[in-house]
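Asks: sequence and computational prediction follow.
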Amino acid sequence: MNDTPSSGPSSDHIAGQVKFLVCVDGSAPSKVAVHYACRRAKTTNGRVALLHVTQPVDFRQWSGVEEMMREERRDEAETLLNEIAADVNAFAGVMPQLMLREGRIGDEILGAIDDDPSIDLLCVGSNPAEGRGKLVSFLAGHLAGRLTIPLVVIPGTLSDEKIINIT
């Protein structure tokens, strides 16, 4: 399912303005990636889009249960995106575009990039203690040849102070 409701800035490209797409899941590393992208956007007059991908549910025998689970996941994802958007605004004074998609994460990331040609960089957080996480491994391995924009991996251990200093 390609469900791409969005709010915030238009997807039209603005010359000289970098748009960061950040994959978010509520984890500490994804929050650090959000802070990094927001600070970079603020210091470069750029924009931020937050993408959360939910996995499809598969209850073919019980379509009513499947629809209830889908709605529950969607509500949880919308709550998460709104909480992160509030954090973004408090941290960097930037209002992000929100994207919620359902499907296989790699396909949905590529779909979001294909659907919005104004996206310039893909940012994901990593947990250095785990080595290469699942998403980073997947993006670097399986999607590397299919990505049309740079992939920026942000260590989840960066402090807000460090982010401010490097951006």
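Replies: Arrived safely, thanks for sending.
Asks: grab the longest helix from the protein for me.
Replies: Longest helix of the chain, by residue count under DSSP state H: helix 63-92.
Asks: that helix: what's the following helix or strand?
Replies: For helix 63-92, the succeeding helix or strand toward the C-terminus, using DSSP states H and E, is strand 97-102.
Asks: elements contacting the longest helix of the chain?
Replies: Applying 3 or more CB pairs under 8 Å, 6 or more residues apart in numbering; DSSP states H and E, we find helix 63-92 packed against helix 28-44, strand 47-54, strand 97-102. C-beta: built from backbone N, CA, C; applies to glycine.
Asks: how about 10 Å then?
Replies: Where contact means 3 or more CB pairs under 10 Å, 6 or more residues apart in numbering; DSSP states H and E, helix 63-92 is packed against helix 28-44, strand 47-54, strand 97-102, helix 160-166.
Asks: tell me the angle the worst-scoring helix or strand of the chain on mean pLDDT makes with helix 28-44.
Replies: Lowest by mean pLDDT, DSSP states H and E among the helices and strands of the chain is helix 134-141, with a mean of 73. Between helix 134-141 and helix 28-44, the angle comes out at 60 degrees (axes from the mean of the first three to the mean of the last three CA atoms, to 10 degrees).
Asks: extract the C-alpha set from helix 134-141 and format it as PDB.
Replies: Extracted in PDB, the C-alpha atoms of helix 134-141 (Å, rounded to 0.1, in the frame of the first residue of the first chain):
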ATOM      1  CA  LYS A 134      19.000  -3.800   9.900                       C
ATOM      2  CA  LEU A 135      17.900  -0.600   8.100                       C
ATOM      3  CA  VAL A 136      21.400   0.700   7.500                       C
ATOM      4  CA  SER A 137      22.500  -2.800   6.300                       C
ATOM      5  CA  PHE A 138      19.500  -3.000   4.000                       C
ATOM      6  CA  LEU A 139      19.900   0.400   2.600                       C
ATOM      7  CA  ALA A 140      23.700   0.100   2.100                       C
ATOM      8  CA  GLY A 141      23.500  -3.400   0.700                       C
END
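Asks: show me what contacts residue 109?
Replies: 21, 23, 51, 53, 101, 103, 122, 124, 135, 138-139, 143, 146-147, 151 (CB atoms under 10 Å, 6 or more residues apart in numbering).
Asks: swap the cut-off to 8 Å and go again
Replies: 21, 23, 51, 53, 122, 139, 143 (CB atoms under 8 Å, 6 or more residues apart in numbering).
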